[in-house]
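Asker: Mind folding the following:
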Amino acid sequence: MPAQVTYKGAFTDYLRCPPPHLPEFAFIGRSNVGKSSLVNLLMGRKKLARISTEPGKTRLIHHYLVEDKWYLVDLPGYGYARVSRKSREKWARFVADYLLHRSNLVCLFVLLDIRHPLQKIDSEVFRWLHNNGVPFVLVFTKADKLSGNQRARSLASLQRELACEWEESPPLFLTSSVTGEGKGEILTFISRLARSWKEGGNGE
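Answerer: As a prediction, the model looks like this:
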């Protein structure tokens, strides 16, 4: 059954976002990683987040209120080669401001295509998040594109790369917007964190 979702708007500044009275869970990733498809999967909608053939289409901070309990936040991605350097720097600044100063941000979901090895920019993003104390988890998308053996090998390779960065890598989820894999696990994870956030006296 689709979640009750209300689109609350698109913003260029975290100060203009909805009042921080509810927990937020943000999603970010590189070009063509399948972010819009995953958002649609989680919300049980086909066209909630528009899937574009133009990389870098998401240029604002999009807020969706879910079940009047928490916000799903669709962030502009990173690593778009076709976008001007000036534009990339501008987006990077306002996304960084959001991640650093949004008091009700509970967790950032960083999306990675399981078919591809980590790129330099991925490692740079992970390092920046870690150094700035931004809580994040990893979401591997497009799991349906690989066979069972291919998936296992790719996942093992990615985990080895992550082990070079941390003694203990962030939590990770394996997903497919085609088969629905990972949807339940992510929503359960979000519900648990949202409940803990509320029980901690936040948003009051």
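Asker: Quick one: the strands in the chain, in order.
Answerer: In chain order, the chain shows strands spanning 5-11, 24-29, 61-66, 70-74, 105-113, 136-141, 172-174, with DSSP state E as the criterion.
Asker: and of the ones you listed, who's closest to Ala194?
Answerer: Closest to Ala194 of those is strand 70-74 (CB to CB; 4.6 Å). Heads up, the C-betas are built off the backbone N, CA and C, glycines and all.
Asker: With mean pLDDT and mean neighbour count added, can I get the strands of the chain in CSV?
Answerer: Written out in CSV, the entries for these read as follows (pLDDT from 0 to 100; neighbours: other CB atoms under 10 Å):
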stretch, mean pLDDT, mean neighbour count
strand 5-11, 92, 14
strand 24-29, 95, 24
strand 61-66, 94, 20
strand 70-74, 96, 23
strand 105-113, 96, 21
strand 136-141, 94, 22
strand 172-174, 93, 17
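Asker: Would you reformat those as JSON lines and include distance to Tyr98?
Answerer: Formatted as JSON lines, the entries for the strands of the chain read as follows, by distance: least, CB to CB, whole Å:
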{"stretch": "strand 5-11", "distance to Tyr98": "9"}
{"stretch": "strand 24-29", "distance to Tyr98": "8"}
{"stretch": "strand 61-66", "distance to Tyr98": "6"}
{"stretch": "strand 70-74", "distance to Tyr98": "8"}
{"stretch": "strand 105-113", "distance to Tyr98": "7"}
{"stretch": "strand 136-141", "distance to Tyr98": "13"}
{"stretch": "strand 172-174", "distance to Tyr98": "22"}
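Asker: between these, which gets nearest to Arg45?
Answerer: Smallest distance to Arg45 across those (CB to CB): 6.9 Å, for strand 5-11.
Asker: and that closest one, which strands flank it?
Answerer: Here the strand partners of strand 5-11, with direction, are listed using DSSP bridges: strand 61-66 (antiparallel).
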